[in-house]
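>>> Need a 3D model of the sequence below.
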Amino acid sequence: TYLTYISSTLLCTEAAPREAYNEEGAPAAAPIGIPKEVIPAMRKAFSNLCTSPSGVLFENALLQVGVKHEYVGSQGRISVFFGNLSSAPLNNFKVNIDDCDHLRMQKQGTDGLFDEDGPGCTVAVRTQAKLLLMVEVTAPFDDAPAMRI
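Take a look at the predicted model:
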């Protein structure tokens, strides 16, 4: 069985200055990285996911990232769920996954989720955006594609 290692660089939102509002009148969100104190917990969660078919990779007050995965030979199916835990919609929500030579991927997901140049999707309060990856390992590897949210 091949385990596909998907590392995450999560972007959260922080309050924007009073003058920085989007077209709908809501505060604009600025991307920030994962706080250093969260990285050990994410590494442990990832390690647990290597031996368990499902679990939570990341969770804070705004977002929960859950993963389910199954493999047969060199092929796998990875489902990633992005749950909105906040009291407001997550607007302009996008996911980008790096391509790599050793992994063939087919991506499906919530409309707008892969919209690089567009507005992305909106994840309503207490709902999820969903990502399905059909993967095939084509060569041995020790590096993983990065996923940016």
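
>>> for this structure, what are the low-confidence residue spans?
Judged by pLDDT under 70, the chain has its weakly predicted residues at 1-32.

>>> tell me the centre residue of it?
The structure's the chain has its C-alpha centroid closest to Ile149; by Cα atoms, centre = their mean the separation is 5.1 Å.

>>> That one is in contact with Phe82, isn't it?
Yes. Between Ile149 and Phe82 a contact is recorded at 6.9 Å, counting by Cβ atoms under 8 Å. Where C-beta positions appear, they are placed from N, C-alpha and C, glycine not excepted.

>>> Residues that sit against both of these two, list them.
Taking Cβ atoms under 8 Å, 6 or more residues apart in numbering as the contact rule, Ile149 and Phe82 both touch Leu63, Val65, Phe93, Val95.

>>> can you map out the strands along this structure?
7-9, 54-59, 63-72, 75-84, 90-93, 96-97, 103-109, 121-123, 128-137, 146-148 (DSSP state E).

>>> Could you export these to JSON lines, including columns for distance to Phe46 and mean neighbour count?
Converted to JSON lines, these look like this (distance: least, Cβ to Cβ, whole Å; neighbours: other Cβ atoms under 10 Å):
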{"stretch": "strand 7-9", "distance to Phe46": "8", "mean neighbour count": "16"}
{"stretch": "strand 54-59", "distance to Phe46": "6", "mean neighbour count": "16"}
{"stretch": "strand 63-72", "distance to Phe46": "9", "mean neighbour count": "17"}
{"stretch": "strand 75-84", "distance to Phe46": "13", "mean neighbour count": "18"}
{"stretch": "strand 90-93", "distance to Phe46": "22", "mean neighbour count": "20"}
{"stretch": "strand 96-97", "distance to Phe46": "16", "mean neighbour count": "16"}
{"stretch": "strand 103-109", "distance to Phe46": "17", "mean neighbour count": "15"}
{"stretch": "strand 121-123", "distance to Phe46": "22", "mean neighbour count": "20"}
{"stretch": "strand 128-137", "distance to Phe46": "16", "mean neighbour count": "18"}
{"stretch": "strand 146-148", "distance to Phe46": "12", "mean neighbour count": "15"}
